[in-house]
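# Fold the following for me, if possible:
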Amino acid sequence: MTGKYFIDTNILVYSIDSNYPKRKEQSRQLISKLLKENSGVISTQVFQEFYYASVKKLHADSIKVKNLLKYFEKFEVVQINLPLIYEAIDCSLTNKISFWDALIVVSAEYSSCSKIYSEDLNNSQVIRGLEIINPFAN
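Numbers count the residues shown, from 1 in each chain. From the prediction side, this is the model:
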């Protein structure tokens with residue numbers, strides 16, 4: 001792998017979700033690879049969504065999830081700000097995707113990523129020059 005790759009929230013959530021052991025292993029392998037290559041990017045939005053989904057939906061321990069967030073700080077982190085929010089609104093309207101997905105797209109674009117790892121958008125779809133890769137599509 002070369003370049004930078006944005007990691008959507010669902011990849012991180014699956015990394016601790018015992019309900020989907022295959023996806024858990026796939027997520028962990030991808031996270032490990034991106035950390036090793038220093039090529040992964042996440043955003044503060046992803047941090048927030050990961051915490052919420054892990055604690056509320058998976059009933060994970062809050063302190064353990066907080067410690068995982070500290071571990072994920074090893075990735076490049078995009079800080080969500082007002083210009084990104086405004087850009088996400090435009091992206092959402094232009095591409096007919098949810099605001100939250102658009103915020104992922106513009107955060108990836110802002111950090112010069114070439115691909116987004118996510119299961120939320122269509123595999124191989126290209127939005128604003130960014131290819132969407134669903135690592136679970138096989």
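
# give me the low-pLDDT residue ranges for this structure?
1-2, 138 (pLDDT under 70).

# how about Ile89, what does it touch?
99, 102 (C-beta atoms under 8 Å, 6 or more residues apart in numbering). Where C-beta positions appear, they are placed from N, C-alpha and C, glycine not excepted.

# what sits against the nearest residue to Asn95 once chain neighbours are set aside?
Excluding its sequence neighbours, the residue lying closest to Asn95 (C-beta to C-beta, 6 or more residues apart in numbering) is Ile127, at 5.5 Å. Listed by C-beta under 8 Å, 6+ apart, the contact set of Ile127 reads 91, 95, 97, 105, 121.

# Let me know the secondary structure of the residue lying closest to the last one once chain neighbours are set aside.
When you say that, I think you mean Leu121. Once flanking residues are discounted, Leu121 sits nearest to Ile132: 4.4 Å by C-beta to C-beta, 6+ apart. Three-state call for Ile132 (DSSP: H, G, I helix; E, B strand; the rest coil): strand.

# which of the contacts of Ile127 tops the neighbour count?
Using other C-beta atoms under 10 Å as the neighbour criterion, Val105 leads the contacts of Ile127 with 26 neighbours.

# What is the host helix or strand of that one packed up against?
Using DSSP states H and E, Val105 falls within helix 99-110. In terms of contacts (3 or more C-beta pairs under 8 Å, 6 or more residues apart in numbering; DSSP states H and E), helix 99-110 is packed against strand 5-7, strand 40-43, helix 44-52, helix 82-95, strand 115-117, strand 130-133.

# Swap in 6 Å and give it another go.
Helix 99-110 sits against helix 82-95, with contacts defined as 3 or more C-beta pairs under 6 Å, 6 or more residues apart in numbering; DSSP states H and E.
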